[in-house]
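Asker: Quick one, fold the following:
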Amino acid sequence: MGVNLFNVDHTWTLFLDRDGVINQRIFGGYVLSSESFVFEPGVLSALKMSNQRFGKIIVVTNQQCVALGLLSETALAQIHQDMITQVTTHGGRIDAVYAAIDLKIANPNRRKPNPAMALEAKLKFPELDFSKAVMVGDTDSDIRFGRELGMKTVLVESKEETTAVPDLSVNSLLELMNKLCA
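Answerer: You can find the predicted model right below:
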């Protein structure tokens with residue numbers, strides 16, 4: 001499926017995974033401070049472009065490091081506030097951040113691929129239409145999350161092994177935005 005088939009306009013919502021899409025993912029570890037939060041190359045430009053294209057931009061991120069006791073909820077919120085500040089400074093926008101801080105084995109579980117974070121976003125933004133949304137992630141759980149909710153799905157390829165089939169694969173968020181805005 002080509003990107004032009006998405007027909008994205010301001011009525012659409014962009015859902016973004018955090019680690020591996022917005023910032024460099026620490027394989028085998030966690031981003032535990034704003035200092036260890038490093039934007040992926042081109043992401044700030046991509047988010048500026050997405051600001052022009054999408055009505056809402058929402059981050060949905062699994063962060064079990066909180067449940068593991070490696071990071072407090074307050075520290076996680078500060079990392080996200082610093083991320084939003086940098087994005088805004090560069091002309092971009094993030095309308096909301098939802099973080100699932102549960103352990104992978106928790107029940108019930110807000111973590112992707114479960115839909116809880118998207119459903120919370122829908123409560124905050126009732127106009128949100130999942131059939132007019134794009135989920136961008138780098139893992140199977142991101143793609144399954146989007147697919148189960150009826151979103152278009154985009155995989156940012158990385159060293160993460162995936163088996164879920166997205167609507168589109170790209171090397172970066174900037175590549176996706178260049179295709180959408182071409």
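Asker: other SSEs contacting the longest strand that the chain contains?
Answerer: Secondary structure of the chain per DSSP state E: the longest strand is strand 56-62. With contacts taken as 3 or more CB pairs under 8 Å, 6 or more residues apart in numbering; DSSP states H and E, strand 56-62 sits against strand 13-16, helix 43-53, strand 96-100, helix 116-124. (Each C-beta comes from the backbone N, C-alpha and C, glycine too.)
Asker: Show the secondary-structure elements that the last one is packed against.
Answerer: The one in question is helix 116-124. Against helix 116-124 (3+ CB pairs under 8 Å, 6+ apart) you get strand 13-16, strand 56-62, strand 96-100.
Asker: From P166, how far off is T85?
Answerer: 30 Å (CB to CB, to the nearest Å).
Asker: swap in G42?
Answerer: 19 Å.
Asker: Okay, strands next: where are they in this structure?
Answerer: With DSSP E as the criterion, the chain has strands at 13-16, 56-62, 96-100, 133-137, 152-156, 168-170.
Asker: Any chance of a markdown table for the ones you listed, columns mean neighbour count?
Answerer: Below are the strands of the chain laid out as a markdown table (neighbours: other CB atoms under 10 Å):
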| stretch | mean neighbour count |
| --- | --- |
| strand 13-16 | 26 |
| strand 56-62 | 23 |
| strand 96-100 | 20 |
| strand 133-137 | 28 |
| strand 152-156 | 25 |
| strand 168-170 | 17 |
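Asker: biggest helix in this structure by residues?
Answerer: helix 73-89 (DSSP state H).
Asker: hmm, back to that, look at T85 and P166 and report which has more neighbours.
Answerer: P166 (22 against 12; other CB atoms under 10 Å).
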